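Asks: kindly return the folded structure for what I paste below:
(one chain, ligands or ions: 1)
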Amino acid sequence: MMDRSPKSAYTLMTPGPVPVPPDVLNTLAEPMEHHRTPEFRAVFQRVMARLKDVFATGQNVFMHTSTGSGGMESALVNVLSPGDEVLAVVSGKFGERWAEMAEAYGARVHRLEIEWGHSVRPEQIERGLRERPGTRIVLTQACETSTGALHPIREIAAVTRSSEALLLVDGITALGAMPLPMDEWGVDALVGGSQKAFMLPTGLAFVAFSARAWERVERARCPRFYFDIRAERDANSNGETLFSSNVPLIKALDVVLERFARQGMDAVHARIARLALATRAAARELGLRGFAPQPSPSLSALALPSSVDGQALRSEMEKTYRVTVMGGQDRLKGKIVRIGHMGDIRDEDELTMIDALGRALMACGPAPSLDEHRLGAALDAASAVLAGRA
Ligand SMILES: *Cc1c(COP(=O)(O)O)cnc(C)c1O
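Replies: Next comes the predicted model:
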């Protein structure tokens, strides 16, 4: 089998989309087949069973042909009634998106604003629920991808599960990247997306609901059609998706889930955690500090010195070294770089990225203490982590 097919023009290290493994690319290139063939039905059944392992749930996991935001919409509209009080954690772009979405559907949204880069504390959720005992839904990201911050989902769920409020978690950069056992922790709806740790192109969203959330699904009065999970459930029980199945992506997902099953989720998570540690060890040598005090393993947001223009840095990395990372959004534009650790990333990709980051830093700003020697130390630090020596 080819090692990497075909060679990508860029080393892709963003928090989505991510590099797709070669065997998955080959599957995506197979001739189209109809979703009502026995072969595809077998794939579909296998995928639906294995998704439960990634979610660590006994509940059914559902798929929509949509981006991740469609999964967020599905989780929301299936449990919401217009006028419901919603407590939304807003610690970055994705939190803002979910809050706006809930408003668009007629919820009374109370934003729990967290300084960007920081993580919400469970006591803040507790206080929010105490102040508004009628709160029906709590919305939060597991990882706020715009800042790299990880939120304490287990502790938040311990608060919500003893309240009337359902906990809806956007786990799009968490599922498959770190442990997030839905049933054990008591998460009421959990959302994933294909172009993050699932190592696929964009186009599938995953969502599951707890038993408690299902009671709400039956009574929720929010209008819904494409994302009506009751209709999806009925179709799934006949071995089909509600609308045309995304055959190529679902077949590719089957390959990814087979790999997850072979490696074990612990090993899948450990690989991502190791790439995160390698990046952070190198960043320290380069004189960069992490932006989030409690960072997610799925990406590293690194704060840039004010002397460095982050947008110039990002484009220098891409133009000169063919390495794609992300910059900051909105108020963080130019101030951070975000490096993804999900997807089919090899050790050599990681070192290529660090080399490009170091050289671009030297080219883009006064970085007086940074020189070839320090860059060498950064690469050594990362290599040691990757080799399990640090
Ligand atoms: C990527 C991402 C999404 C989904 O974005 P889409 O472009 O709709 O796929 C949602 N939430 C978080 C936290 C993400 O990282």
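Asks: right, and residue 187 touches residue 210 too?
Replies: Yes - Residue 187 lies in contact with residue 210 (C-beta atoms under 8 Å); the separation is 6.8 Å. In this view, the C-beta of every residue, glycine as well, is placed from N, C-alpha and C.
Asks: quick one: the strands in the stretch 51-200 of the chain?
Replies: For the stretch 51-200 of the chain, the strands defined by DSSP state E, counting those that start in this stretch cover 61-65, 85-90, 108-113, 137-141, 143-144, 149-150, 166-170, 189-193.
Asks: for the residue nearest the centre of the chain, give me the pLDDT.
Replies: Nearest to the mean C-alpha position of the chain, by C-alpha atoms, centre = their mean, lies residue 173 at 1.1 Å. On pLDDT, residue 173 comes in at 98.
Asks: how much space between it and residue 195?
Replies: Between residue 173 and residue 195 the computed distance is 10 Å (C-beta to C-beta, to the nearest Å).
Asks: which residues sit in contact with residue 338?
Replies: Counting by C-beta atoms under 8 Å, 6 or more residues apart in numbering, residue 338 touches 14-15, 145-146, 148, 299-302, 325-328.
Asks: out of those residues, which touch the ligand?
Replies: By C-beta under 6 Å from any ligand atom, the members of these lying near the ligand are residue 145.
Asks: neighbour-wise, which one of the contacts of residue 338 leads?
Replies: residue 299 (31 neighbours; other C-beta atoms under 10 Å).
Asks: give me the more crowded residue out of residue 187 and residue 210.
Replies: Set residue 187 next to residue 210 and count neighbours by other C-beta under 10 Å: residue 187 wins out with 30 against 22.
Asks: which strand residues bridge the residue nearest to the more buried one when sequence neighbours are not counted?
Replies: Nearest non-adjacent residue to residue 187, counting by C-beta to C-beta, 6 or more residues apart in numbering: residue 169, 5.1 Å away. As for beta bridges, residue 169 partners with residue 140, residue 190 under DSSP bridges.
Asks: neighbours around residue 169, how many?
Replies: Neighbours of residue 169 (other C-beta under 10 Å): 28.
Asks: and it, what does it touch?
Replies: So residue 169 contacts 140, 141, 142, 153, 180, 187, 189, 190, 191 (C-beta under 8 Å, 6+ apart).
Asks: if I look at the nearest residue to the second one once chain neighbours are set aside, what pLDDT would I see?
Replies: Nearest residue to residue 141, sequence neighbours excluded (C-beta to C-beta, 6+ apart): residue 170, at 4.6 Å. In the predicted model, residue 170 carries a pLDDT score of 99.
Asks: start the count at 349, not 1, going forward
Replies: Yes, from this point I'll number from 349; that puts the last item at residue 518.
Asks: thought residue 518 was touching residue 494?
Replies: No - counting by C-beta under 8 Å, residue 518 sits too far from residue 494 to count as a contact (11.8 Å).
Asks: what sits in contact with each of these two?
Replies: Joint contacts of residue 518 and residue 494 (C-beta under 8 Å, 6+ apart) are residue 442.
Asks: biggest helix in the chain, by residue count?
Replies: helix 613-634 (DSSP state H).
Asks: same for it, what does it pack against?
Replies: Judged by 3 or more C-beta pairs under 8 Å, 6 or more residues apart in numbering; DSSP states H and E, helix 613-634 is in contact with strand 637-638, strand 647-651, helix 695-712, helix 720-734.
Asks: deepest-packed of these, please.
Replies: Across these, averaging neighbours per residue (mean count of other C-beta atoms under 10 Å) puts strand 647-651 on top, at a mean of 26.
Asks: now do that strand, average pLDDT.
Replies: Across strand 647-651, pLDDT averages out at 98.
Asks: show me what that strand is packed up against.
Replies: helix 613-634, strand 637-638, strand 684-688.
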